[in-house]
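1. Fold the following, please.
(one chain, ligands or ions: 2)
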Amino acid sequence: MKVLTVGGGAREHTMVRTLAKNEAEIYAVMGNKNPGIARLAEEYFIESGSEIKKVVEWAEEKGVELAVVGPEAPLGKGIVDALEEKGIKCASPDKNAAEIETSKEFMRDLQARYDLPGRVEFEVFDDIEEIEDFLAHYEGELAVKPVGLTGGKGVKVMGEHLENKREVIEYCEKVLEESIGGKPKVVLEERLIGEEYTLQVFTDGKNIIPMPLVQDHKRLFEGDEGPNTGGMGSYSQADGLLPFLDQSIYDESVEIIKETLEAMRKDGRPYKGVLYGQFMLTKNGPKIIEFNCRWGDPEAMNVLPLLESDYVELCDKIAEGDISGLDVSFEKKSSVCKYVVPKGYGIDPQGGNKVVVNEEAVEEEGAQLYYASVDEKDGEIYTTTSRSLAVVGYSERLEEAEAVSERALDHVKGDDIQMRHDIGKPESIQRKLENMKKIRGEN
Ligand code: AMP
Ligand code: GLY
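-> Ligands and ions are numbered 1, 2, ... in the order given. From the prediction side, this is the model:
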């Protein structure tokens, strides 16, 4: 089957590799030439996925039958609506359904209107005086969120990025004046304390297939210090759970997603594709931080390569709106993903420096390598200012998967790279366990 993929990151490299393994003929649209995707694709088109008209014309010309979209921006701009209008099936949500990610106001409002589990207290503002009045009477800490998309960099939390109410007001002013996230509107919501985790599900809008859980690491530096990034790496366990949570929390999280999808249907926005729930396990149970209308990056690299079922068939059934007859399973393996990023990433990256990658040696270690944002010139790989590539170790035991990822990283060399070695290490897992105990008041 001819399949259109949109996006040029490591997440999309993972999607393309899995689709190609299941005999798809890949037609890839990407903003940068991802060497991994370029190699696997029948043909590729260097273009932003948000250039919808151009992408749809190219897809029609190539005769693609099915499309799978990686990043949120084209989904928010209605790429699925435009493709479906031309008779191309899509395993991703349309514009209205994608609002679950692209508008934090819509998402929180949906949770409130349908009284969904996992919701938090929130208010939406477009006027700074109203914010000042609200804050004058608000006790406790808050998270400040522009309503629109900010690439994971727009949220500021009191006690972490913002010291006090004055700083909250200053940041709100900035969001309103500069329309950060595309709109002069801001969501203020209660600050949650807990451990974050990701649950991704496949859905046709009615039925869901939940995947193993993953924990991402957003902070730039080891020990979860430094600024938030697009994600520095992540891990998952063979049993689908995480060290700090059990089956009952998993089931509760699945229920939250199920009820949310039901609410989307009742709201006239049936959702199909992968729905990503960013949760926080608090002392009052799982709460929703946000939803994403797509695979997570890096979370896709943890679980998609472990899919034992046919990914092309699954995407096809999602697009056709019925996954009920499918028997979908994942290999029972743990995984540890570590991103290699250019020095200064998230602060002041330079890019343009050589990285030497021995892909064969990485694979011999039992790991996989997924390219993200690099330039390839004369067969050599160079950094850009974004994340360069991800290395993922897979094994039955988490400790072994971590060791595999480290051995594989030895085969990636360069003067301009950095990474977080602590992700998935026993000490780091221990810290998360202790944090969870403290939150539950157990020590
Ligand atoms: P988001 O872009 O919504 O994923 O937010 C980015 C990060 O901000 C999350 O991964 C959390 O670490 C943090 N965050 C978002 N909302 C809250 C909240 N209500 N309470 C505490 N932290 C939050
Ligand atoms: N891992 C965070 C994201 O994909 O948005």
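2. May I have the secondary structure class of the nearest residue to Asp204 once chain neighbours are set aside?
-> Take Asp204 and drop its neighbours on the chain: the residue closest to it by C-beta to C-beta, 6 or more residues apart in numbering is Ile323, 4.6 Å away. No exception for glycine: its C-beta is placed from N, CA and C like everyone else's. Counting by DSSP: H, G, I helix; E, B strand; the rest coil, the backbone at Ile323 sits in coil.
3. which ones are touching Ile323?
-> With contact set as C-beta atoms under 8 Å, 6 or more residues apart in numbering, Ile323 has these partners: Phe202, Thr203, Asp204, Asn207, Ile209, Leu314, Lys317.
4. so where's the stretch 301-443 of the chain shaky on pLDDT?
-> The model of the stretch 301-443 of the chain has pLDDT under 70 over residues 443.
5. where do the helices sit along it?
-> 311-320, 359-364, 398-409, 426-440 (DSSP state H, counting those that start in this stretch).
6. Let's see the distance spanning stretch 358-377 from one end to the other.
-> 16 Å (C-alpha to C-alpha, to the nearest Å).
7. Pull out the buried residues from that stretch.
-> By 16 or more other C-beta atoms under 10 Å, the buried positions in stretch 358-377 come out as 359, 362, 365-374, 376.
8. Stretch 426-439 too?
-> For stretch 426-439, by 16+ other C-beta under 10 Å, it's Ser428, Ile429, Lys432, Met436, Ile439.
9. contacting residues around the closest residue to the fourth one other than its chain neighbours?
-> This means Met436. The shortest distance from Met436 to any non-neighbouring residue, by C-beta to C-beta, 6+ apart, is to Phe244 (4.0 Å). By C-beta under 8 Å, 6+ apart, the residues touching Phe244 are Glu195, Leu281, Lys432, Leu433, Asn435, Met436.
10. Gly154 too?
-> Lys145, Pro146, Val175, Ile180, Gly181.
11. Identify the farthest-apart pair in the residues you listed.
-> The largest separation in these, counting by C-beta to C-beta, is between Lys145 and Ile180 at 9.8 Å.
12. ok, the two, which is more surrounded?
-> Legend: neighbour count by other C-beta atoms under 10 Å for Lys145 and Ile180, higher for Lys145 (26 against 20).
13. export the contacts of Gly154 to CSV and tack on distance to ligand 2?
-> CSV is the format used below for those (distance: C-beta to the nearest ligand atom, whole Å):
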residue, distance to ligand 2
Lys145, 14
Pro146, 15
Val175, 20
Ile180, 17
Gly181, 14
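14. Can you narrow those down to the ones near ligand 1?
-> Here is what survives when the contacts of Gly154 are matched to ligand 1 using C-beta under 6 Å from any ligand atom: Lys145.
15. from the contacts of Gly154, which ones fall inside helices?
-> Under the assignment DSSP state H, the contacts of Gly154 contribute Val175 to helices.
16. between the contacts of Gly154, which is closest to Ala263?
-> Using C-beta to C-beta, Lys145 comes nearest to Ala263 of the contacts of Gly154, at 20.2 Å.
17. Hmm, Lys183 and the closest one touching each other?
-> No: using C-beta atoms under 8 Å as the test, Lys145 is too far from Lys183 to be in contact (11.6 Å).
18. I'd say Lys283 and Gly194 touch.
-> Yes: counting by C-beta under 8 Å, Lys283 does reach Gly194; the two are 7.3 Å apart.
19. Need the residues touching each of those two.
-> Residues touching both Lys283 and Gly194 (C-beta under 8 Å, 6+ apart): Ile439.
20. Please say which of the two ends up with more neighbours.
-> Gly194 (20 against 12).
21. Let me see the contact set for the more buried one.
-> Here Gly194 is in contact with Met280, Leu281, Thr282, Lys283, Lys287, Met436, Ile439 (C-beta under 8 Å, 6+ apart).
22. and whichever residue of the stretch 251-400 of the chain sits closest to ligand 1, helix, strand or coil?
-> Closest contact between the stretch 251-400 of the chain and ligand 1, by C-beta to the nearest ligand atom, is at Glu290 (3.8 Å). Classification of Glu290 using three-state DSSP returns strand.
23. Okay, and the beta partners of it?
-> Glu290 forms beta bridges with Gln278, as assigned by DSSP bridges.
24. per-residue confidence at it?
-> pLDDT, Glu290: 96.
25. Just give me the neighbour total for it.
-> The tally of other residues near Glu290 (other C-beta under 10 Å) stands at 16.
26. pretty sure it is touching Phe279, no?
-> No: if you go by C-beta under 8 Å, Glu290 and Phe279 don't touch, sitting 9.4 Å apart.
27. In ChimeraX, select just the buried ones from the contacts of Ile323.
-> Selection of the buried residues among those in ChimeraX, burial being defined by 16+ other C-beta under 10 Å:
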select :202,203,204,207,209,314,317
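28. where does the closest residue to Pro71 other than its chain neighbours sit relative to Ser428, distance-wise?
-> Nearest residue to Pro71, sequence neighbours excluded (C-beta to C-beta, 6+ apart): Gly7, at 4.7 Å. Relative to Ser428, Gly7 is positioned 29 Å away (C-beta to C-beta, to the nearest Å).
29. Repeat that for Glu177.
-> Counting by C-beta to C-beta, the separation of Glu177 from Ser428 is 39 Å.
30. One more: Pro93?
-> As judged by C-beta to C-beta, Pro93 and Ser428 stand 34 Å apart.
31. How about Val29?
-> Per C-beta to C-beta, Val29 is found 37 Å from Ser428.
32. same check, this time on Gly352
-> Gly352 is 32 Å from Ser428, by C-beta to C-beta.
33. can you check Thr198 too?
-> The value you get for Thr198 to Ser428, if C-beta to C-beta is used, is 17 Å.
34. ditto for Ser92
-> Ser92 sits 33 Å away from Ser428, going by C-beta to C-beta.
35. what does Gln368 give?
-> Distance, Gln368 to Ser428, using C-beta to C-beta: 21 Å.
36. Per-residue confidence at the residue nearest to Asp216 when sequence neighbours are not counted, what does it come out as?
-> The shortest distance from Asp216 to any non-neighbouring residue, by C-beta to C-beta, 6+ apart, is to Ser234 (4.4 Å). The pLDDT attached to Ser234 in the predicted structure is 98.
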